[in-house]
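Q: give me a model of this one.
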Amino acid sequence: MSTENEGTAVPADHPAAPSTPTTPPTPPAPPTAPPASAPTPAAADAPTAAQPPTAAQPPAPEAAPAPVPDAAHAAHTPAHAHAHTPAHAHTPAPESAASTPAPAAAGAGWPPPPPTVPAWGAPLPPAAPEAPRRRTGGLVAAVLVAALVAGGIGGGIGYWAAQRGDDGVSSTTVSSGEAPASFKREPGTVAAVAATALPSVVTIQAKSGGSQGEGEGGTGTGFVYDQEGHIVTNNHVVASAADGGTLSVTFPDGKSYDAEVVGRAEGYDVAVLKLTNAPKGLKPLPLGDSDKVAVGDSTIAIGAPFGLSNTVTTGIISAKNRPVASGDGSGGSNSYMSALQTDASINPGNSGGPLLDASGAVIGINSAIQSTGSGFGQSQAGSIGLGFAIPVNQAKNVAQQLIRTGKPVYPVIGATVNMQEQGEGATIASQGSGGTPSVTPDGPAAKAGLKAGDVITGFGGHQIDSGPSLISEIWTHKPGDQVKITYERDGKTSTATVTLGERTGDS
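A: Numbering: from 1, shown residues only. Predicted structure coming up:
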C-alpha cells in the first residue's frame, strides 16, 4: 500500500521553515481545517492573523487529508503513523522541521518532509492536484493487473479441462464400469435368493392330444424336486396333457426337455412330472417347514405369469390356514387346501411355481388367486394381492406318494358334509351320494359317535365354518392320524376323537 506522499515531488524553490517565530512551524497536517473560532494547540506558537506570510513563502496550497498508512509504512514513518492522533497535536516540532532539508525532487530522500502549515488566519492552500491522479492511476493499474491474472488463471483452467475430456464438459457422475468388480449381494437379499433359486424353476408347456396334433394347452411353472429329474407342479397345469398330450419343460438357460406325468392328485392339486432325458447336475430346491411359517414372514414367488418366464415377485404371508377350493366346491374334482395366503403378485402362469421364504426354502406351491369376478380358481384375472399356496408339508407328502405309487391317498372321516352352507360349521348331510348313508357304517365318524345332522365346528384345534374348510383341514393330515373334533347336536357342544381313514385315487 502506498502513502499519500509517495511519488509526489516537493517544489525546489520552497525554502525550509525558519526557526524564528515570524514563520509558522510545520507540524503534520491536520485531517480537517481547524474552525475559525477555536485555534488548535498545535498552532499556539504561530503568528497572529495580522501577520502576513513572508514574501519568500507564497501561500501554501490546501493539503488533502493524508490516508492512513499501512502497517509496513507505519513502522518506518512514526510521524505519519500518528498524524491523525488528536493527542499528538500538543507537541510541536519546529526544530525537526527546520533541520530536515527538503528534497529537490521525488525520491531524493525518505521520509519526505511534512506539509507546511500556513500562518494562523491565512487562507488554506489549494489541494495538491497530482496525488489523486497518481492514486487513481495506481488503482486502475492494480485492477488491470488483477483482471489479467484472473484471465490467465481462467484460461489455464479451461485448457486443463479441455485436455481432460474430448468434449470439454466435466461431470461428477460415475459410470457403472467404475463400480467395484467384486460387488456381491449379501445372502438373504431377494436378489441373492432369486439368483440361487431361478436355475431350479422351470416353465411348463402342456398341449392336449388332438386329431391335428395341436390341441389346447397352457403354460405353468414347476420346480426341481430331486436329482432324478422329478418336477413338482399343480395338477391343473398338466391336466390337459395327461391323456395323450405332450409336455415340455424349459429351464432358465433356454434348454428344453420332454416330460411325462408320473402321477396327479386332483383333490390336492398336485402333480409330479419326470424329465425323459434328465440332465446331470440338477439342483433341487430345499424344502422348508410350512407349519412354522408365521403371518408377516417374507415371501418370494417365482413363475411365468402370462407366459413371462423367470418372473420374481415378493410379499409376505398375509394369512394361514385359509380354506380354499379351486372351483365352486360342488364338484368331485375340485381341490381343497388349507392355504398359505400371500400378497406376492401371483397371476395365471405362476401356478405350480414355488413360494419361497427369506432363506430360499420352498414353503408352498402357488396354486390359486382371488379374482374379483369369479371367486377362487385359475381364471385369467390379474392379481389383486390375494394369492394362495399349498403348504409344502402337504405337497411333499402327496409328491412322495405319487412317486412311489402314482396314485394319491386321501385321509377321510367317513361322512358326507354339506358343501354349500357356510358360517355355521360343516353339517353332516342327511344322506350320502346316490342315497347312501351320510355316515359310513363302521367308518371313522361312526366310531367317534357322529350322526347325520351334527355340525362340526372344530377340527384339530382349527375353527370350521363350512364343508370345504373341513375337507381342507382333513387333507393336511395323513391316514391314521387321531384328531379331536368339536361338534354341536341339538344346541349342545360335544367333543370326540376320530382316527382318520384313507381313500386311494381320485375316483
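Q: okay, stretch 466-484 in PDB with CA atoms only?
A: C-alpha atoms of stretch 466-484 as PDB (Å, rounded to 0.1, in the frame of the first residue of the first chain):
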ATOM      1  CA  SER A 466     -68.100 -74.800   6.100                       C
ATOM      2  CA  GLY A 467     -67.700 -78.100   4.300                       C
ATOM      3  CA  PRO A 468     -64.700 -77.000   2.200                       C
ATOM      4  CA  SER A 469     -62.900 -75.800   5.300                       C
ATOM      5  CA  LEU A 470     -63.400 -79.200   6.900                       C
ATOM      6  CA  ILE A 471     -62.000 -81.000   3.900                       C
ATOM      7  CA  SER A 472     -59.100 -78.600   3.700                       C
ATOM      8  CA  GLU A 473     -58.100 -79.400   7.300                       C
ATOM      9  CA  ILE A 474     -58.600 -83.100   7.000                       C
ATOM     10  CA  TRP A 475     -56.300 -83.200   4.000                       C
ATOM     11  CA  THR A 476     -53.500 -81.600   5.900                       C
ATOM     12  CA  HIS A 477     -53.200 -84.900   7.900                       C
ATOM     13  CA  LYS A 478     -52.300 -88.400   7.000                       C
ATOM     14  CA  PRO A 479     -54.400 -91.600   7.200                       C
ATOM     15  CA  GLY A 480     -54.300 -93.000  10.700                       C
ATOM     16  CA  ASP A 481     -53.900 -89.600  12.500                       C
ATOM     17  CA  GLN A 482     -56.100 -89.100  15.500                       C
ATOM     18  CA  VAL A 483     -57.700 -85.800  15.600                       C
ATOM     19  CA  LYS A 484     -60.000 -84.100  18.100                       C
END
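Q: quote the end-to-end distance of stretch 434-450.
A: Taking Cα to Cα, to the nearest Å, stretch 434-450 runs 21 Å from one end to the other.
Q: name the residues of that stretch that are buried.
A: Neighbour-count burial for stretch 434-450, counted by 16 or more other Cβ atoms under 10 Å, picks out 437-440, 443-448, 450. Every residue, glycine included, has its C-beta placed from N, CA and C.
Q: which one of those sits closest to residue 225?
A: For those, the residue nearest residue 225 by Cβ to Cβ is residue 444; the value is 31.2 Å.
Q: ramachandran angles for the closest one?
A: According to degrees, to the nearest 10, the main-chain angles of residue 444 amount to phi -60, psi -40.
Q: tell me the contacts of it?
A: Contact analysis of residue 444 by Cβ atoms under 8 Å, 6 or more residues apart in numbering lists 412-414, 498-501.
Q: now, of those residues, which are buried?
A: Among the contacts of residue 444, those classed as buried by 16+ other Cβ under 10 Å are 412-414, 498, 500-501.
Q: among these, which lie within strands?
A: Within those, residues falling in strands by DSSP state E are 412, 498, 501.
Q: as a markdown table, those with pLDDT and distance to residue 403 would be great.
A: Output for these, formatted as a markdown table (pLDDT from 0 to 100; distance: Cβ to Cβ, whole Å):
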| residue | pLDDT | distance to residue 403 |
| --- | --- | --- |
| 412 | 94 | 22 |
| 498 | 97 | 29 |
| 501 | 96 | 23 |
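Q: closest to residue 198 out of the residues you listed?
A: Among these, residue 412 lies closest to residue 198 (Cβ to Cβ), at 39.0 Å.
Q: wait, the closest one sits on residue 504?
A: No - contact criterion Cβ atoms under 8 Å: residue 412 and residue 504 do not qualify, at 10.5 Å.
Q: on the three-state scheme, residue 197 is what?
A: Secondary structure, DSSP: H, G, I helix; E, B strand; the rest coil: residue 197 is helix.
Q: how about the strands in the stretch 351-500 of the chain?
A: Ranges of strands in the stretch 351-500 of the chain, per DSSP state E, counting those that start in this stretch, are 354-356, 362-371, 375-377, 387-391, 409-412, 426-427, 455-459, 462-463, 482-489, 492-499.
Q: please name whichever of those is nearest to residue 238.
A: Of the strands of the stretch 351-500 of the chain, nearest to residue 238 by Cβ to Cβ is strand 362-371, at 13.1 Å.
Q: which other helices and strands contact that closest one?
A: On a contact count with 3 or more Cβ pairs under 8 Å, 6 or more residues apart in numbering; DSSP states H and E, strand 362-371 meets strand 298-303, strand 336-342, strand 354-356, strand 375-377, strand 387-391, helix 392-405.
Q: how about residue 274: what's its closest non-neighbour residue?
A: Distance criterion Cβ to Cβ, 6 or more residues apart in numbering; nearest residue to residue 274, sequence neighbours excluded, is residue 262 at 5.0 Å.
Q: output the contacting helices and strands for the lengthiest strand in the chain.
A: Taking DSSP E as the criterion, the chain has its longest strand at strand 311-325. Using 3+ Cβ pairs under 8 Å, 6+ apart, the elements in contact with strand 311-325 are helix 190-197, strand 298-303, strand 336-342, strand 387-391, helix 467-474.
Q: run through the bridge partners of residue 218.
A: Taking DSSP bridges as the rule, residue 218 bridges to residue 206.
Q: where's it relative to residue 271, distance?
A: 13 Å (Cβ to Cβ, to the nearest Å).
Q: picking that back up, so for residue 401, which of the helices and strands packed on strand 311-325 sits nearest?
A: strand 387-391 (14.2 Å).
Q: my guess is residue 196 contacts residue 359. True?
A: No - look at residue 196 against residue 359 with Cβ under 8 Å: they stay out of range, at 9.9 Å.
Q: the two: who's more crowded?
A: residue 196 (16 against 13; other Cβ atoms under 10 Å).
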